[in-house]
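Student: The amino acid sequence is not available; the structure is as follows:
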């Protein structure tokens, strides 16, 4: 989806639930993937993703197009929610209203268990993530976005609302701290 | 000793998890779409409420301050609630979406009513992996706080009385739902009624001399849900029996094969 198509879809989404559904389908995996790489925990990633989309939905009406992709705005919310999680060190309560239960539904336990097993198999990633999570939040954000989300410096700047020079400097210092952290534990 | 270039190479080449939880994706989408319809119904009223919300919050804080400092200077509600929330069981319930509904102080004891907060609880549950058995397990509890011991001294779980509808009431409920324009707009005419469910009432504390009991709120909503099904899709229509009107209509999703 290019920027113009995205812009048109966002405009429609403010009035049309189908368009909102399309936006959701487009970005759910990206946001869930990002939060999972930040927290390395399936349950917490689900919670943060839910909160991110809930906030995006609530604030869609005040989203102003500033020639930055909508995805950058969503990543920014997800980043803030992740930071809130780390600051509070606790689980958040999802505050969506009016959700109803299905009378019968598939049991998602098996799916979660399988996902957890799948995550455990990425041992090298988990080791790195664990070390990254000991750094300050500002370094965690830039390192995850740059190396795990494969974002360019300009995109990271858009997401975090910072200048490219600042992002470069944060990355440099963050990597330096991470390297020292790894060398100290080895 | 690892160099920076080795670290960058390691970060660039590490195998990353590509995981997706389909059930969470589906449930969250349903939740958001339902919320979309709900806010659409609220329309301008919602926007006004949203704008006034900060003022309301300030007013609540001021009232709470006056209440706690002037009316109960010795043993405050805030203190009682703080003690209660330190109890592991109470903490667990609140973390799962229950809220403090009512508090009474008698001498050196406080009585706190805790109940699942309907809307929030449903939201949290629908996004988590709990079964319907777990959902219906907890209807609330009366917690006794001992100020002197600074601890929770007793917890009594509430067993709510759910009165079933008479045949006449069931017919009336169907009629209200069938005649509602929103129901007709969202739910296909061919859909059949699968179930009519009543929900337990909200409770409050009733103080009598030196004792406290849990009673249903007199002005509480009597809510009934009608579940419709058509072509393996399900919808629900929530009806306020007191007002005799449809409160909301929600698409529940597809019934798995």
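Tutor: Looks like it came in fine. Model, not experiment: these values are computed from the prediction.
Student: Run through chain A and note the low-pLDDT ranges.
Tutor: Within chain A, the stretches with pLDDT under 70 are A:62, A:64-67, A:89-108.
Student: do the same with chain B
Tutor: Applying pLDDT under 70 to chain B flags residues B:40-54, B:64-75, B:117-137, B:160-163, B:200, B:218-221, B:256-257.
Student: so what are the domain limits for it?
Tutor: Under the assignment automatic domain parsing, the domains of chain B span B:21-71, B:74-159, B:161-257.
Student: Touching, residue A:148 and residue B:18? I think so.
Tutor: No - under the criterion of Cβ atoms under 8 Å, residue A:148 lies out of contact with residue B:18, with a separation of 11.3 Å. (C-beta placed from N, C-alpha, C; glycine too.)
Student: Those two: which has the busier surroundings?
Tutor: For residue A:148 against residue B:18, the residue with the higher neighbour count under other Cβ atoms under 10 Å in any protein chain shown is residue A:148, and the figures read 22 against 10.
Student: Could you give the backbone dihedrals for the more buried one?
Tutor: Comment: the main-chain dihedrals of residue A:148 come out as phi -90, psi -30, following degrees, to the nearest 10.
Student: give the contact list for it.
Tutor: Contacts were defined as Cβ atoms under 8 Å, 6 or more residues apart in numbering or on different chains; by that measure residue A:148 touches A:34, A:37, A:125, B:11, B:16.
Student: who touches the fourth one in this structure?
Tutor: With contact taken as Cβ under 8 Å, 6+ apart, residue B:11 is in contact with A:128, A:143, A:147-148.
Student: which is the next helix or strand following the one helix or strand residue B:102 maps to?
Tutor: Secondary structure assigned from DSSP states H and E places residue B:102 in strand B:98-106. Using DSSP H and E, the helix or strand that directly follows strand B:98-106 along the chain is strand B:109-116.
Student: between that next one and strand B:98-106, how big is the angle?
Tutor: Direction vectors for strand B:109-116 and strand B:98-106, defined by axes from the mean of the first three to the mean of the last three Cα atoms, to 10 degrees, enclose an angle of 160 degrees.
Student: Parallel or antiparallel, which strands does strand B:109-116 pair with?
Tutor: Here strand B:109-116 has these sheet partners by DSSP bridges: strand B:98-106 (antiparallel), strand B:141-146 (antiparallel).
Student: Pick the most buried one from these.
Tutor: Per-residue neighbour counts averaged over each of those give the maximum for strand B:141-146, namely a mean of 21 (mean count of other Cβ atoms under 10 Å in any protein chain shown).
Student: Outside of the helix or strand just after it itself, list whatever touches it.
Tutor: Along the chain past strand B:141-146, the next helix or strand (assigned with DSSP H and E) turns out to be strand B:151-157. Applying Cβ under 8 Å, 6+ apart, the external contacts of strand B:151-157 come out as B:83-84, B:87, B:89-90, B:109, B:138-146.
Student: May I ask which two of these are separated the most?
Tutor: The largest separation in these, counting by Cβ to Cβ, is between B:139 and B:146 at 24.3 Å.
Student: Show the contacting residues for residue B:36.
Tutor: With Cβ under 8 Å, 6+ apart, residue B:36 has these contacts: A:17, A:20, A:57.
Student: which stretch of helix or strand covers it?
Tutor: When secondary structure is defined by DSSP H and E, residue B:36 falls within helix B:22-66.
Student: and the next helix or strand after that helix, anywhere near chain A?
Tutor: Heading C-terminal from helix B:22-66, the first helix or strand you meet, by DSSP H and E, is helix B:77-86. No - counting by Cβ under 8 Å from any Cβ of the partner chain, chain A has no neighbours in helix B:77-86; the shortest distance is 12.9 Å.
Student: just how off-centre is helix B:77-86 within its chain?
Tutor: Computed by Cα atoms, centre = their mean, to the nearest Å, the separation of helix B:77-86 from the middle of its chain amounts to 21 Å.
Student: Show me what it packs onto, helices and strands only.
Tutor: helix B:88-95, strand B:98-106, strand B:109-116, strand B:141-146, strand B:151-157 (3 or more Cβ pairs under 8 Å, 6 or more residues apart in numbering or on different chains; DSSP states H and E).
Student: Mind putting these into a markdown table with distance to residue B:56?
Tutor: Rendered in a markdown table, the data for the helices and strands packed on helix B:77-86 read as follows (distance: least, Cβ to Cβ, whole Å):
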| stretch | distance to residue B:56 |
| --- | --- |
| helix B:88-95 | 22 |
| strand B:98-106 | 17 |
| strand B:109-116 | 22 |
| strand B:141-146 | 27 |
| strand B:151-157 | 31 |
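Student: care to break chain A down by domain?
Tutor: Per the record, chain A has its domains at A:1-89+A:113-121, A:123-186, by automatic domain parsing.
Student: residue boundaries of the helices in chain A?
Tutor: In chain A, the segments counted as helices under DSSP state H are A:3-13, A:17-39, A:42-59, A:70-88, A:109-120, A:123-132, A:137-143, A:153-160, A:164-185.
Student: Please tabulate these in a markdown table and include mean neighbour count and distance to chain B as additional columns.
Tutor: Putting these into a markdown table (neighbours: other Cβ atoms under 10 Å in any protein chain shown; distance: least, Cβ to the nearest Cβ, whole Å) gives the following:
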| stretch | mean neighbour count | distance to chain B |
| --- | --- | --- |
| helix A:3-13 | 14 | 9 |
| helix A:17-39 | 20 | 5 |
| helix A:42-59 | 22 | 5 |
| helix A:70-88 | 19 | 12 |
| helix A:109-120 | 14 | 5 |
| helix A:123-132 | 16 | 5 |
| helix A:137-143 | 21 | 7 |
| helix A:153-160 | 20 | 14 |
| helix A:164-185 | 16 | 5 |
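Student: now for these, which one comes closest to residue B:228?
Tutor: Minimum separation from residue B:228 across those (Cβ to Cβ) falls at helix A:17-39, 19.1 Å.
Student: Return the distance of that closest one from the chain's centre.
Tutor: 9 Å.
Student: Show the secondary-structure elements that it is packed against.
Tutor: Under the contact criterion of 3+ Cβ pairs under 8 Å, 6+ apart, helix A:17-39 touches helix A:3-13, helix A:42-59, helix A:70-88, helix B:22-66.
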